[in-house]
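S.K.: next one to model:
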Amino acid sequence: MAQQRMALWAAEADIDEDVDLSLALGTYGQNGAFDDAYLQQPQFDESTFIAMQQHMAQRNAFAQIPDVVKSFIIHFHQAVQTNNLPEITVAYESGWNKYTEKFYAKTEWPEAEIIAPLVNDDPIFLILYRELYYRHVYSRLQPNIDDRFHSYENSCELFNYLLNSDGPVTLELPEQWLWDIVDEFIYQYQVFCSWRSKPKTKTDEELATLADGDPVWSSYSVLNVLYSLIQKSRVNDYINAQQQGKSPEEIAEIVGEYGQRPLYRMLGYFSIIGLLRVHVLLGDFTLALKVMENVELNQKSPFTRVTACHVATYYYVGFCYIMLRRYPDAIRTFVTILNFIMRMRQYHTRSYQYDQISKTADRMYALFAICHALSPSRLDDNIANIAKERFGEQYTKMSRGGEEGPPAFEELFLYACPKFISANSPPYNDPDAVLQLLSAEGDSTATDPTHRHLNLFLADVATQSQVPTLRSFLKLYTSLGSKKLANFLDADEEEIVQKMMVLKQVSRSVSHVSGEERGLLDGQTIVTSDLNFVIDESMLHIAESTIGRRYAGWFIKNTERTQRIYDDLKNSPLPVVKPSSQPGAQNAAASSSNEAPQKGPKTGQKVAWGGAKVVS
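M.R.: Numbering: from 1, shown residues only. Next up, the predicted model:
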């Protein structure tokens, strides 16, 4: 082989002389640059080009997601897939809020299409993720018209999955999340209705979208979802069966396969509270209390397990009583929930909804001050003193009456009332009507639902404007002539008689009588004032009854509570101490007692957002 190779190498010298290089190379490189004019450019249609751009944008957006957020989403998805409620609760209440504050406080979370590869394109988890995504947009950012439409579409997908699947779904979610789903659904509906009712703030593109769009966030669709959840879960039948003391087997037969699932049962409960809120926003206060006829306002009701739902329920019930002029019931409702908030304040500070609960409590103190000015009561002096401290100036003006009263009532009412909405949309599909709305001049508050309810409330307050003055004069006498009282007030005698009849009317109210009524609308007419009088021809005979504070009931209630606690402690078994099996265990325990104590047993690996992952 070596000889053959040498021969070939030796022959290369002869080859150089015989080869014509011009024939071998041809014209390569001698005719200038390569001419690509005859090549056809690749043709892409517009949809393909847009899809390619979106794909590249998604890849870039996916690369920008922090690794810790990717791990969180993967773990969150696994917890939802396996219905691991403890892990879902930790991820939902702690992990989501933690990473929101760290990475997405002022920007959106990644869209569902971007994180879809992390969860294997799981459609159910992506719906739940979008629910959190749009809730973050509404609470931290400013939603645009696309966000408003897409959040409605996602809500429809979620409720269609729950209501129209073949049989009950196997999904399990924490009660707090279920309440937040219903609460956020109604909140986004409320915000959209308020935004939709202001055509002057819309751009031409938004006006065109509203004119051509489907009835998004219509009142009918929202009410249909809530009533469907109540009907599907048969929660009213469940409540009635429990109140009748039926056995679990009988209850399971009554409520069916849907009502037995905690997911549907709690969604049914929360939908009742949601209906209460929607009817209040629409201004139907009687129907709002009617839908609550099967729900008892006590500490044993299931909705009390979610503090935000508990507080919201009492707030809307109390406000309904105010608008129905049942001030004693409103005061009793506010006192109950405000005392609860005061006792549980130390636990609320650790909740991610602490700010919302505190704001609702402040509004209820303002409403309590309104009720106390219109119908003085000594039901709870502690709550009354707090309300006077926070709204002392307004409370003094409201109690005094006269010209300073209505502005003070208006200020507190606008601060504390719900943000009412209009059920109907402006006629965006009629260009002439839209032009009239855009060119209309004057105060827009004339058509504002909140100011309509304010005017109705102030009209009722105006009829009672002279009541504080009349009460102050009547308390000075046991009998007084109507003519003399008219001279005091610089009014006609006939006018004074009319004002006295108004005073008689406002001193009576429909109220619950303990142990006799069950529904929120039930009640009897009672006297709410400590001042009573009769008119005998031209003479007024006054009788004032002073009710002292009753301490016996307070002591009896707390004595019974203490006795129950003592009995529970007495009947509870003592902890069993297991003897050590190894002879040197005591010495080992004594030697290890000098080491640094550990906080709790080691139950497993600790995940990144602060929850303990239980090792099976």
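S.K.: neighbours around Ser472, how many?
M.R.: Neighbourhood size, Ser472 [other Cβ atoms under 10 Å]: 11. C-beta: built from backbone N, CA, C; applies to glycine.
S.K.: tell me which element it is part of?
M.R.: helix 467-474 (DSSP states H and E).
S.K.: now do that helix: everything it contacts.
M.R.: Helix 467-474 is contacted from outside by 399-402, 480, 485, 488-489, 499-500, 502-503, 506, 529, 531, 533, 540, 542, using Cβ atoms under 8 Å, 6 or more residues apart in numbering.
S.K.: just the buried ones from those, in PyMOL syntax?
M.R.: A single PyMOL command selects the buried members of the contacts of helix 467-474 (16 or more other Cβ atoms under 10 Å):
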select buried, resi 399+401+480+485+499+500+503+506+529+533+540+542
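S.K.: from the contacts of helix 467-474, which ones fall inside helices?
M.R.: Ser399, Arg400, Leu485, Phe488, Leu489, Lys499, Met500, Val502, Leu503, Val506 (DSSP state H).
S.K.: you'd agree the third one is up against Ile496?
M.R.: Yes: under the criterion of Cβ atoms under 8 Å, Leu485 makes contact with Ile496 at 5.5 Å.
S.K.: in the stretch 451-600 of the chain, which spans are strands?
M.R.: 479-481, 508-511, 524-527, 531-536, 539-544 (DSSP state E, counting those that start in this stretch).
S.K.: neighbouring strands for the first one, and are they parallel or not?
M.R.: In other words, strand 479-481. Strands that pair with strand 479-481, judged by DSSP bridges, come out as strand 539-544 (antiparallel).
S.K.: for the helix or strand harbouring Leu435, which outside residues touch it?
M.R.: In this structure, Leu435 is located in helix 431-439 according to DSSP H and E. By Cβ under 8 Å, 6+ apart, the surrounding residues in contact with helix 431-439 are Pro199, Lys200, Leu207, Ala211, Pro426, Pro427, Tyr428.
S.K.: quick check: the gap between the last one and Thr450.
M.R.: I take that to be Tyr428. 22 Å (Cβ to Cβ, to the nearest Å).
S.K.: tell me which of those two has more neighbours.
M.R.: More neighbours surround Tyr428 than the other of Tyr428 and Thr450, with 20 against 17 (other Cβ under 10 Å).
S.K.: the more buried one contacts Val216, correct?
M.R.: No: under the criterion of Cβ under 8 Å, Tyr428 is not in contact with Val216, lying 11.7 Å apart.
S.K.: now do the contacts for Tyr365.
M.R.: Phe334, Leu338, Ile383, Ile386, Ala387, Arg390, Phe391.
S.K.: tell me the secondary structure for Glu172?
M.R.: coil (DSSP: H, G, I helix; E, B strand; the rest coil).
S.K.: count of residues packed around it?
M.R.: 15.
S.K.: for this protein, give me the ranges with low pLDDT.
M.R.: The chain contains residues with pLDDT under 70 at 1-55, 57, 213-214, 346-352, 440-446, 514-517, 545-551, 553, 578-616.
S.K.: tilt between the host helix or strand of Ile370 and helix 467-474?
M.R.: Ile370 belongs to helix 354-374 when assigned by DSSP H and E. Here helix 354-374 runs at an angle of 40 degrees relative to helix 467-474 (axes from the mean of the first three to the mean of the last three Cα atoms, to 10 degrees).
S.K.: buried set for helix 354-374?
M.R.: So for helix 354-374, counting by 16+ other Cβ under 10 Å, buried means 356-357, 360-361, 363-374.
S.K.: do you know how far Asp522 is from Glu293?
M.R.: Distance from Asp522 to Glu293, by Cβ to Cβ: 9 Å.
S.K.: I meant to write Ile88 there.
M.R.: Distance from Ile88 to Glu293, by Cβ to Cβ: 33 Å.
S.K.: residue nearest the middle of this structure, spatially speaking?
M.R.: Nearest to the mean C-alpha position of the chain, by Cα atoms, centre = their mean, lies Asp183 at 3.8 Å.
S.K.: quick one: that one from Arg378, how far?
M.R.: 35 Å.
S.K.: also Arg325?
M.R.: 20 Å.
S.K.: swap in Ala459?
M.R.: For Ala459 relative to Arg378 (Cβ to Cβ), the value is 28 Å.
S.K.: more crowded one of the two?
M.R.: Arg378 (12 against 9).
S.K.: before we move on, the earlier item: now the helix holding Leu435: buried residues?
M.R.: Val434, Leu437.
S.K.: then it to CSV, C-alphas only?
M.R.: What follows is helix 431-439 as a C-alpha-only set of coordinates in CSV (Å, rounded to 0.1, in the frame of the first residue of the first chain):
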residue,chain,number,x,y,z
PRO,A,431,-77.1,55.8,15.9
ASP,A,432,-79.6,58.6,16.4
ALA,A,433,-80.2,57.8,20.0
VAL,A,434,-76.5,57.5,20.7
LEU,A,435,-75.9,61.0,19.1
GLN,A,436,-78.6,62.4,21.4
LEU,A,437,-76.9,60.9,24.4
LEU,A,438,-73.6,62.2,23.4
SER,A,439,-74.9,65.7,22.7
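S.K.: hmm, Val80 and Leu128 touching each other?
M.R.: Yes: using Cβ under 8 Å, Leu128 is in contact with Val80, at 6.7 Å.
S.K.: Leu118: neighbour count?
M.R.: Neighbours around Leu118, by other Cβ under 10 Å: 20.
S.K.: so it touches His75, yeah?
M.R.: No: assessed by Cβ under 8 Å, Leu118 is found out of contact with His75, at 10.3 Å.
S.K.: OK, contacts around Phe159?
M.R.: Applying Cβ under 8 Å, 6+ apart, the residues near Phe159 are Val225, Ser228, Leu229.
S.K.: buried ones among the residues you listed?
M.R.: Val225, Leu229.
S.K.: TSV for the contacts of Phe159, including distance to Tyr104 and secondary structure?
M.R.: Below are the contacts of Phe159 laid out as TSV (distance: Cβ to Cβ, whole Å; DSSP: H, G, I helix; E, B strand; the rest coil):
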residue	distance to Tyr104	secondary structure
Val225	28	helix
Ser228	33	helix
Leu229	30	helix
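S.K.: just name the closest of the contacts of Phe159 to Thr100, please.
M.R.: Val225 (26.8 Å; Cβ to Cβ).
S.K.: the closest residue to Ala361 other than its chain neighbours in helix, strand or coil?
M.R.: Excluding the flanking residues, the one nearest Ala361 by Cβ to Cβ, 6 or more residues apart in numbering is Ile341, at 5.1 Å. Using three-state DSSP, the structure places Ile341 in helix.
S.K.: now the helices for the stretch 501-616 of the chain?
M.R.: For the stretch 501-616 of the chain, helices defined by DSSP state H, counting those that start in this stretch occupy the ranges 552-571, 585-592.
S.K.: report the contact partners of Met364.
M.R.: Contacts of Met364 by Cβ under 8 Å, 6+ apart are Tyr314, Tyr315, Gly318, Phe334, Ile337, Leu338, Ala416.
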